[in-house]
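Asks: sequence first, predicted model second:
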Amino acid sequence: MSLSSRSLSIARHALKAGGPMSALTGVSTNVEHQFQKQSLRSMTILSKQSGEEYKKMNYNERMKKTGRPVSPHVAIYTFPISAITSILNRVTGVTLSFGCLGLGAIELVGGSGSSLHLMEAIGSSSLLLAAPAKLAVAFPMVYHYGGGIRHMMWDNMPDKLTTEQVEQSSYVLLGASGVVSLGLMVM
């Protein structure tokens, strides 16, 4: 029993007993009426047929029918830098996994040393092909490695896990990964 319903119950008993609250009969009845009005909420009961029709409508149709605004799309919100770097860490991990899978498949299909020959061929080709290929390997490796080091630091020094320091380390990770990856690309 909630506090307000308990107080209402005490007030009812006092009124029945003709105690000091009996002079406030009109006031307490009004309070009781307001309490009952607040405790009831309107419910929408759907028949089975209308429920099925409701499920058939898409989200925009349902919102138009109810008069509610359509929620804005996630694309209008800006993600914080820590969310972007977290997502990028996962993406680079998946990229590295597929890269290793591709190299392994080339070795299995082409025989021993075929991955090495492919990398040598790409490395000795024109700058327009070699530079982006090197960057495509260097950035995920450097970024994912740097993200792992950052997480190990957070695990060992949880006091460094404030919002400001997380944001700052995200910018440092992005910048350092970019610089180191570009350096590896020109080698």
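Replies: Done, it's in. As the structure is a prediction and not an experimental result, all values here were calculated from the model. Numbering: from 1, shown residues only.

Asks: list of residues touching stretch 148-168?
Replies: 80-82, 169, 173 (Cβ atoms under 8 Å, 6 or more residues apart in numbering). Every residue, glycine included, has its C-beta placed from N, CA and C.

Asks: mind redoing it with 7 Å?
Replies: Contact with stretch 148-168 is made by 81-82, 169, 173, as judged by Cβ atoms under 7 Å, 6 or more residues apart in numbering.

Asks: next, the distance between the ends of that stretch.
Replies: 16 Å (Cα to Cα, to the nearest Å).

Asks: quick check: buried residues in that stretch?
Replies: Of the residues in stretch 148-168, 150, 166 count as buried by neighbour count, 16 or more other Cβ atoms under 10 Å.

Asks: same deal with stretch 171-178?
Replies: 173-174, 177.

Asks: and the contacts of stretch 148-168, which are buried?
Replies: Of these, these count as buried by 16+ other Cβ under 10 Å: 81, 169, 173.

Asks: so which of the residues you listed is the closest to R68?
Replies: I81 (32.6 Å; Cβ to Cβ).

Asks: wait, what's in contact with the closest one?
Replies: Taking Cβ under 7 Å, 6+ apart, we find I81 in contact with 167, 170-171.

Asks: picking up where we left off before, mind checking which of the buried residues of stretch 171-178 land in helices?
Replies: 173-174, 177 (DSSP state H).

Asks: what are the boundaries of the strands in this structure?
Replies: Assigned by DSSP state E, the strands in the chain number zero.

Asks: name the nearest residue to A133, ignoring sequence neighbours.
Replies: In this structure, A133 finds its nearest non-sequential neighbour in I122, 5.0 Å apart by Cβ to Cβ, 6 or more residues apart in numbering.

Asks: show me where the protein has helices.
Replies: Listed in chain order, the helices found in the chain under DSSP H are 3-17, 25-39, 48-56, 59-66, 81-110, 114-123, 127-156, 163-186.

Asks: may I have the fourth one as CSV, with CA atoms only?
Replies: I take that to be helix 59-66. Taking Å, rounded to 0.1, in the frame of the first residue of the first chain, the C-alpha atoms of helix 59-66 are listed here in CSV:
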residue,chain,number,x,y,z
TYR,A,59,6.1,3.0,-38.2
ASN,A,60,5.3,6.3,-40.1
GLU,A,61,1.7,5.3,-40.7
ARG,A,62,1.2,4.4,-37.0
MET,A,63,2.7,7.7,-35.8
LYS,A,64,0.6,9.7,-38.3
LYS,A,65,-2.6,7.9,-37.1
THR,A,66,-1.8,8.6,-33.4
